[in-house]
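Undergrad: sequence and predicted structure are below.
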Amino acid sequence: MQEATVITICALTSAAALAWLYLLTLHGGYWRTGHRLPPGDRQAGQLPSVTAVVPARNEADILPACLPTLLSQDYQGSLSVIVVDDDSSDDTAKVAAELGATIVSARPTPPGWAGKVWAMAEGAQAAGGEYILFTDADIAYAPGTLTSLASAAVSGDYALVSQMALLRTGNQPEKLLIPAFVYFFAQLYPFPRVSRPRSRTAAAAGGCMLVRASALTTAGGLASISAARIDDVALARLLKRDGGRCWLGLTTDVVSMRPYDRLTDIWDMVARSAYTQLRYSLALTAGVVLGLAWLYLLPPAAAIAGLALLASGSAAESGAAWLAAAGLAGWLLMAASYVPMLRLYKLSPLRGPTLPLIAALYAAMTLDSARRHRRGRGGEWKGRVIPPDRG
C-alpha cells in the first residue's frame, strides 16, 4: 500500500474518531436517555380539557390492546377520545366504537394532502378540548400518563409536549434494529435541543403529541403542513417557528404495541420515509450514505486492518499503529454512545460494538427508499404510496 494512501486513510479515520468525540461531548447529549418529562404542578388548578385523536387505517387487530389504555386514563379533567377511521377496509370503526371511542369517518383525502395529516385534521375539526393528543392506534398508555403530560404542558406553557414511545424488542430483528432507530432519530434531533426555546431544532414523536389547540390554530393549523409525509417533525417545526415552546423526550410509560416480526417489516418501515426525510434528493442521499460509511464503518474497518498488519509482523508498514489506534478509538466511542439506549431497552451493553453493522443496514434501507420512490412505490403504507419524485 502506498504511503500516501495509508496517510489519507489514517487521516480520515482520525477525523472520524474526532467526530465521535464531538458527538459525545457537544452534540446536545443526544445519546443520553435521562431527558424525561418535566414534573408539572398538579395543584395549580383544574387540568385542561383534552381530546385524543387517533388516526386509524385497518387497525382492528391492534386497537383492543391499546385503545382501552387511553379510554381508562384516570384523568381529572375532561377527556374525549376520537378514532378517525381513515378509509379502513376492516372492522376498525366497529371495534373502536365497541371499545367506547367516538368515531369520525374521514372524508376522501383531498389532492395535496398526506393521508395521515388529513385524518389528523378530520379528528382535530371534531375536537373540542383545550389540548389535542395526537396519538397512534398502536400506542398503549400507562395509568396516569395523560395527567403527567397535561400537567407538564400547562406548567411549562408548552405548545407541544411529545414523548418517544418505547418500541417493541420482543424478537431478534427488533432487538437488533429498533433501539438503533430511536438512537439515530435522537442523533438527528437531539431531544434537549428540541426542548430549548432558543434552539432551531424541532421534532416530535408522532405516537404521542399533546398540542395546545389555540397554538395550532395560531400557527395556521394542519393545513399548513398538509403535504407533510413526516408529520410529527413538520408539526413541531410549524409550532416552534410560530414561537411555541416544544418539548420532546423519552419515556417507558408510552409503549408501541406494533410488532415487527421480520427484518423485512423493519426494512419497510425505514424505507417508507427515509427518502422523504432527505427531501427526495439523490445527491443528499448519496452524501448521507457516504457519511454513514465514514462515521460508522471506517473506524472498525481501520481498527481491524491496522491490528492485522501489526499481528502479521508488518508493523513497519507506515501508519499501521496509527490506523489501529484511531480506528479503535472511534469504534469505542461509537459503542459507548449506544450503551444508554441499549440499557433503556434492557439489552446487553455488549451489543454496542455491533452499531457499525446496524448502520450499514440502515444505509442499505436508505438506498432502497430512494429506489422505491424513483420507481413509484415510495412511502407505501397499507395501500397508499407517495407519488414518485420527477425532479
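TA: Here it is on my side, so go on. Just so we're clear, the structure is a prediction, and the values are computed from it rather than from any experiment. Numbering: from 1, shown residues only.
Undergrad: what is the neighbour count of the closest residue to Gly156 other than its chain neighbours?
TA: Counting by CB to CB, 6 or more residues apart in numbering, Gly156 lies nearest to Pro38, which is 6.0 Å off, once chain neighbours are set aside. C-betas here are computed from N, CA, C, even on glycine. In terms of burial, Pro38 registers 16 neighbours under the definition other CB atoms under 10 Å.
Undergrad: cool, Lys382 as well?
TA: 12.
Undergrad: surely it touches Ala56?
TA: No. Counting by CB atoms under 8 Å, Lys382 does not reach Ala56; the two are 10.5 Å apart.
Undergrad: please enumerate the helices of the stretch 51-200 of the chain.
TA: Along the stretch 51-200 of the chain, the segments classed as helices by DSSP state H, counting those that start in this stretch run 63-71, 92-99, 115-126, 145-155, 172-188, 191-194.
Undergrad: can you lay out those helices as a markdown table showing mean neighbour count?
TA: Shown next, in a markdown table, are the helices of the stretch 51-200 of the chain (neighbours: other CB atoms under 10 Å):
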| stretch | mean neighbour count |
| --- | --- |
| helix 63-71 | 19 |
| helix 92-99 | 18 |
| helix 115-126 | 22 |
| helix 145-155 | 22 |
| helix 172-188 | 19 |
| helix 191-194 | 22 |
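Undergrad: switch those helices over to TSV; also include distance to Ile266.
TA: Below are the helices of the stretch 51-200 of the chain laid out as TSV (distance: least, CB to CB, whole Å):
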stretch	distance to Ile266
helix 63-71	20
helix 92-99	24
helix 115-126	20
helix 145-155	26
helix 172-188	5
helix 191-194	22
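Undergrad: between those helices, which one is nearest to Asp136?
TA: helix 63-71 (8.4 Å; CB to CB).
Undergrad: what helices or strands is the closest one leaning on?
TA: strand 50-56, strand 79-85, helix 92-99, strand 139-141 (3 or more CB pairs under 8 Å, 6 or more residues apart in numbering; DSSP states H and E).
Undergrad: what sits up against that helix?
TA: 52, 54, 56, 81, 83, 92, 95-96, 99-101, 135, 137-142, 146, 257 (CB atoms under 8 Å, 6 or more residues apart in numbering).
Undergrad: so, low pLDDT: which residues of the stretch 251-391 of the chain?
TA: Along the stretch 251-391 of the chain, segments meeting pLDDT under 70 span 314-318, 383, 386-391.
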